[in-house]
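Colleague: A structural model of the following input is requested.
(chains A and B)
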Amino acid sequence: DPKIIQKPKYLVAVTGSEKILICEQYLGHNAMYWYRQSAKKPLEFMFSYSYQKLMDNQTASSRFQPQSSKKNHLDLQITALKPDDSATYFCASSLTGNNNQAPLFGEGTRLSVL
Amino acid sequence: GQQVQQSPASLVLQEGENAELQCNFSSTATQLQWFYQSPGGSLVSLLSNPSGTKHTGRLTSTTVTKERRSSLHISSSQTTDSGTYLCAITSGGNYKPTFGKGTSLVVHP
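Modeller: Numbering: from 1, shown residues only, chains lettered A, B, ... in the order given. Predicted coordinates:
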């Protein structure tokens, strides 16, 4: 059974719309992350949360807003979508937010913006 | 910021051959990790090796910190090893990695 659940698996959106990518983990982890992987760029770290608090934000655009309603949830809201936002978005988690632990990754949400 | 270069970009082997993947990085690393990304896209951590040599199964990683390089050796490759191998570098205490573009490995039967 997958321990990190990302929904939906595939998502098609129109330019200018808003979407929420869902991530929940059932590993008892305290740190959660979002990454983005597009055809043009390597896998990129976006955000890290620890105990539901933002630790690091590497995303320049405020159109990307993580939302943590529960300790094991970290959703990603994307507003005013652009075609360049098309990518696979991976959620990950680890027991703590320090760099001694490699995170476990979800299967990803593949977003296409038309 | 940190830059991570992986080589070769792609590698094609016959089953049973060994693979040597390289990772070079531009700044001091407090953590270095190798990940495997399957053709379907999911990622799995293989090894964490900020310095020295580590083994797990058919995998051996050697990191020379002062030379800012790491290698991943895959012995006796299998078709199931096909996929992309990513190197990720973290500087500092918080987990905020920079990834390389990866090495795409194809192992033929």
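Colleague: so, low pLDDT: which residues of chain A?
Modeller: By pLDDT under 70, the low-scoring segments of chain A are A:1, A:99.
Colleague: for it, which residue gets nearest to chain B?
Modeller: Proximity of chain A to chain B (Cβ to the nearest Cβ) peaks at residue A:102, 3.6 Å away. To be clear about C-beta, it is placed using only N, CA and C from the backbone, and glycine gets the same treatment.
Colleague: just give the nearest non-adjacent residue to that residue, would you?
Modeller: Nearest non-adjacent residue to residue A:102, counting by Cβ to Cβ, 6 or more residues apart in numbering or on different chains: residue B:45, 3.6 Å away.
Colleague: could you do residue A:20 as well?
Modeller: In space, residue A:20 is closest to residue A:77, 5.0 Å off (Cβ to Cβ, 6+ apart).
Colleague: confirm that the one you found sits in a helix.
Modeller: No - under DSSP: H, G, I helix; E, B strand; the rest coil, residue A:77 sits outside any helix and is assigned strand.
Colleague: which residues does it bridge with?
Modeller: Beta bridges link residue A:77 to residue A:20, residue A:65, judged by DSSP bridges.
Colleague: ok, residue A:103 touching residue A:30?
Modeller: No - shown here, residue A:103 and residue A:30 do not form a contact pair, counting by Cβ atoms under 8 Å, at 11.6 Å.
Colleague: so the two - more neighbours on which side?
Modeller: residue A:103 (27 against 16; other Cβ atoms under 10 Å in any protein chain shown).
Colleague: next up, the contacts around the more buried one.
Modeller: Residue A:103 sits next to A:31, A:33, A:92-94, B:45, B:95 when contact means Cβ atoms under 8 Å, 6 or more residues apart in numbering or on different chains.
Colleague: cool, residue B:59 as well?
Modeller: Residue B:59 neighbours (Cβ under 8 Å, 6+ apart): B:34, B:46-47, B:72-75.
Colleague: what do you get if the cut-off is 6 Å, keeping everything else the same?
Modeller: Going by Cβ atoms under 6 Å, 6 or more residues apart in numbering or on different chains, residue B:59 touches residue B:46.
Colleague: could you measure from whichever residue of chain B sits closest to chain A over to residue A:16?
Modeller: Of all residues in chain B, residue B:45 sits closest to chain A, at 3.6 Å by Cβ to the nearest Cβ. Remark: distance between residue B:45 and residue A:16 (Cβ to Cβ, to the nearest Å) = 37 Å.
Colleague: spatially central residue in chain A, please.
Modeller: residue A:34 (3.1 Å; Cα atoms, centre = their mean).
Colleague: which SS class is the residue of chain A closest to chain B?
Modeller: coil.
Colleague: close to chain B: what parts of chain A are there?
Modeller: Residues of chain A found near chain B (Cβ under 6 Å from any Cβ of the partner chain) are A:42-43, A:45, A:55-56, A:97-99, A:102, A:105, A:107-108.
Colleague: sort out for me which of those are in strands.
Modeller: Among the residues of chain A next to chain B, the residues falling in strands (DSSP state E) are A:45, A:55-56, A:105.
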